[in-house]
Structure formats: structure tokens, C-alpha cells
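>>> generate a structure from the sequence data that follows.
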Amino acid sequence: MDMYYKVEGRGETVVFIHGLSDNLTYWEFLAANLKDTHQILRFDLPGHGQSELTDDVTRTSYVEDLKKLLDELNIKKAHMVGFSLGGAIAIDFTVRYQDYVTSLVVMSGFSKCDDYLKDILNQFKAALNVSFEEFYNLILPKVLCPDVIKSNKVELDLLRQTASQTADTEAYIKAVDVCLSFDIDEELSDINVPTLILAGKYDEISRLSLERKLQGKIKNSRLIVFDNVKHNLLVGGNNHEILDILMEFLKKERGK
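This is a model prediction of the structure:
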């Protein structure tokens, strides 16, 4: 497949995996501030950003596409950082190819699609079958707090307009279908790498209860809860706080 990616910096590799309907630009702030000390690999999932959509998009294909990319770039070991869908992929990759993983960071992720999450995802799927704009209007209040939406209304409206011109709703629906059947709970105990879980206290998609269960099942894991956000953690001052947390975590795990 034609996977679009960017490699920046030098040092130990950090792989960033974005979420549903996002692309590699989601990580712009963190990448820009980590590339002086690490090699940063960002890529677009199939049908997202500039990566082409393939016919076969599955839980396995997400993981195998990433492994193929790492092999092509001769990356033998990396820190995995994933947001939402990307967090689920990062967990799955770590279970299947733990020898490739130095550490794992999961942001607003999940290891199993419970009934609550299935209901939310089916709402997303129904909206995507109407239009990207319908999906955007549905998901926005679930990922951002009301004050953030209100203070950034002009920018968010512009984002909806520009994103709708390039959005591949078919790819997003396929991604939702992968999430709906996702269940890796039984394999979590196999994860032995240092793991950091970042969660939003008011997350309406991957609820905090899911993050707590995730932390409870992964050995050598730590949970940090942000009490000022929903699903999207990279908001306002949290960008700098999460950067500091990542830098400390990566420095601690360096060379182990």
C-alpha cells in the first residue's frame, strides 16, 4: 500500500499513531518538540490524510502495515504512542510484536469495545453514512469541552469546512467497523513493556472506567488522568504538560 509518513530527528524512535478521521498532523506539536532528542515517525492510517485506502482494512492489517513500515525503515525498536483508535493499534502491535516495542503510551485508548462504546461508534457510523459534516457535528462535543468549542468556534467551523473537502468517509466507516469488533483484553497480561496511560476525566468515548481497567490489566503501567478534558487530551496547556510527561517517560526508559 502507499502509506504516507514522515521521519524527523535522530535518536531512539518514537512512533505516533493518530485516531479516527485524524492524520499525522495531529502530532505536530509533540513531534516538533521531541525531534531534537528522538527520531519521530508519524504516518497516516489507510484512507486518512495522504495514505490510500485499501480494500482490506482490518485489525490485523493496521498492525501488519505498521510492521512493514518499520521493517522498510530498518527500525528494530521504538516507543509506541497512540491516540484513540491509534491507541488500540499500539496496544495490539505491542501484543503481537513486543520485541519491536521499547515502551507504550496510550492516550484515550481502549482494549475492548464495550456496549457503551459500541453505541457511540454506531452513532458515528450512522452519521458518516450521511456526510462528514454530520459526523463532525456529532463527534465534536464528545471530544472537546463546551468552553473549548465556544472559544474556538471560528477555527472549528473552518476545520469542518476544509476537512469535509478531503475526508474519506468510507475509510472512516471501515475504521469504525474495526473498533466495533476490537477485543484484546485477554492478551493485555502479556504486555511487559513500561506503559503509560493518559486519560480525560470527562471522556465520553473511551470512558475513564475503560482506562482504569486497561491500567489494571497491564503490568508495569501507570495511569494519569487530566481533569480538564474529554477525549482529546491535546488541548491548550495540556500540550505542554503532556510533552513534559512524555519527555520524562522516554528519558526514564532510554537505554533499558
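
>>> who are the contact partners of S21?
H48, F135, I139, A163, A167, Y172 (CB atoms under 8 Å, 6 or more residues apart in numbering). The C-beta positions use only the backbone N, C-alpha and C, and glycine is treated the same way.

>>> pretty sure it sits in a strand.
No - applying DSSP: H, G, I helix; E, B strand; the rest coil, one finds S21 to be coil, outside a strand.

>>> about what we covered before: of the contacts of S21, which belong to helices?
With helices taken from DSSP state H, the overlap with the contacts of S21 comprises F135, I139, A163, Y172.

>>> rewinding a little: okay if I get the contacts of S21 as JSON lines plus neighbour count?
Listed next are the contacts of S21 as JSON lines, based on neighbours: other CB atoms under 10 Å:
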{"residue": "H48", "neighbour count": "25"}
{"residue": "F135", "neighbour count": "27"}
{"residue": "I139", "neighbour count": "21"}
{"residue": "A163", "neighbour count": "16"}
{"residue": "A167", "neighbour count": "20"}
{"residue": "Y172", "neighbour count": "23"}
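
>>> in the residues you listed, find the pair that's most separated.
Greatest spacing in the contacts of S21, by CB to CB: H48 and I139 (14.7 Å).

>>> burial check on E204, number of neighbours?
A count of neighbours around E204, defined by other CB atoms under 10 Å, yields 14.

>>> for the residue lying closest to it once chain neighbours are set aside, give me its contacts.
Ranked by CB to CB, 6 or more residues apart in numbering and with sequence neighbours excluded, the top spatial neighbour of E204 is K142, at 4.4 Å. Residues in contact with K142 (CB under 8 Å, 6+ apart) are I120, E204, I205, K230, H231.

>>> now which of those would you call buried?
I120, I205, K230, H231 (16 or more other CB atoms under 10 Å).

>>> which SSE is M80 in?
strand 78-83 (DSSP states H and E).

>>> hmm, back to that, tell me the one of the contacts of K142 nearest I17?
Set against I17, the nearest of the contacts of K142 by CB to CB is H231 (15.5 Å).

>>> and the two most separated of the contacts of K142?
In the contacts of K142, two members sit farther apart than any others by CB to CB. They are I120 and K230, at 12.2 Å.

>>> overlap of the contact sets of those two?
Shared contacts of I120 and K230 (CB under 8 Å, 6+ apart): K142, E204, I205.

>>> looking at these, which is nearest I184?
For the shared contacts of I120 and K230, the nearest to I184 is I205 (17.5 Å; CB to CB).

>>> excluding covalently adjacent residues, which one is nearest to the closest one?
Closest to I205 by CB to CB, 6+ apart is H231, at 4.6 Å.

>>> before we move on, the earlier item: JSON lines for the contacts of S21, including pLDDT and distance to A88?
Listed next are the contacts of S21 as JSON lines, based on pLDDT from 0 to 100; distance: CB to CB, whole Å:
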{"residue": "H48", "pLDDT": "96", "distance to A88": "15"}
{"residue": "F135", "pLDDT": "97", "distance to A88": "19"}
{"residue": "I139", "pLDDT": "97", "distance to A88": "17"}
{"residue": "A163", "pLDDT": "93", "distance to A88": "22"}
{"residue": "A167", "pLDDT": "95", "distance to A88": "21"}
{"residue": "Y172", "pLDDT": "97", "distance to A88": "15"}
